[in-house]
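Chemist: Okay, here's the prediction I keep looking at, along with the sequence it came from:
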Amino acid sequence: MTDDQLQTYVEQLSQTYFGRPFTHRATFNNRLRTTGGRYLLANHNLEFNPKMQNLPAFAGIVKHELCHYHLHLLGRGYRHRDADFKALLKQVGGDRYAPTLANQAQKTYWHYRCAAGHDLYRRRRINTKRYVCGQCHRPLTQVGQVKADQIGGRQHA
């Protein structure tokens, strides 16, 4: 899909679901990583993540950004926390959150254990010759790497 096709698609969704015209620009932005799109307050343009254009939820992402757009231009609550935004988003069937992409890396943590059996998880590797357990001050040994969803209880950064 090109930017011109995206512009036409956004205009059609705006007219169909909101009954109002979309009179600004809609473009793809390759720098967007985790978000599906964004509404620019300064110039009222919309930007979308091109990696999400082939997902079935892309129409929901466009509706989400159009909710920001129309509510802001009407002078009503356009932020995520506003009741106006939540009501309009539910009415048009937009997505509240962008879906996670399959190629987005899941957070991994380095797992360390002390001689007393205390588990320690860190985002970055630490020097086990220099640091000790914060609870019992015994030496640490590196166990390996674990995914964020494998950590039970409290996570450490």
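Modeler: Arrived safely.
Chemist: rest of the way, CA atoms for contacts and neighbours
Modeler: Will do.
Chemist: Run a quick neighbour tally on the nearest residue to Phe58 once chain neighbours are set aside.
Modeler: Nearest residue to Phe58, sequence neighbours excluded (CA to CA, 6 or more residues apart in numbering): Met52, at 6.3 Å. The number of residues packed around Met52, counting by other CA atoms under 10 Å, is 20.
Chemist: residues touching Ala59, list them.
Modeler: Gly94 (CA atoms under 8 Å, 6 or more residues apart in numbering).
Chemist: Give me the average confidence score over the helix or strand harbouring it.
Modeler: Using DSSP states H and E, Ala59 maps to helix 58-74. Helix 58-74 shows a mean pLDDT of 95.
Chemist: got it, and stretch 146-157?
Modeler: Mean predicted lDDT for stretch 146-157 stands at 69.
Chemist: State the three-state secondary structure for the nearest residue to Asp119 once chain neighbours are set aside.
Modeler: Distances taken as CA to CA, 6+ apart place Arg113 nearest to Asp119, at 4.6 Å, with adjacent residues excluded. Secondary structure, DSSP: H, G, I helix; E, B strand; the rest coil: Arg113 is strand.
Chemist: and Arg113, what does it touch?
Modeler: For Arg113, the contacting residues are 119-120, 140-143, by CA under 8 Å, 6+ apart.
Chemist: if we can go back for a sec, now the helix or strand following the helix holding Ala59: average pLDDT?
Modeler: Of the helices and strands lying after helix 58-74 in sequence (DSSP H and E), the nearest is helix 83-92. Averaged across helix 83-92, pLDDT comes to 95.
Chemist: in helix 83-92, what's buried?
Modeler: Across helix 83-92, burial judged by 16 or more other CA atoms under 10 Å covers 84-86, 88-89, 92.
Chemist: hang on, the earlier thing: quickly list what the residue nearest to Asp119 is bridged to.
Modeler: Asp119, Thr141 (DSSP bridges).
Chemist: Gln145 now?
Modeler: Trp110.
Chemist: ok, it - contacts?
Modeler: Counting by CA under 8 Å, 6+ apart, Gln145 has contacts 108-111.
Chemist: Distance to Leu41 and pLDDT added to those residues, as CSV?
Modeler: Output for the contacts of Gln145, formatted as CSV (distance: CA to CA, whole Å; pLDDT from 0 to 100):
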residue, distance to Leu41, pLDDT
Thr108, 35, 87
Tyr109, 37, 92
Trp110, 40, 94
His111, 43, 95
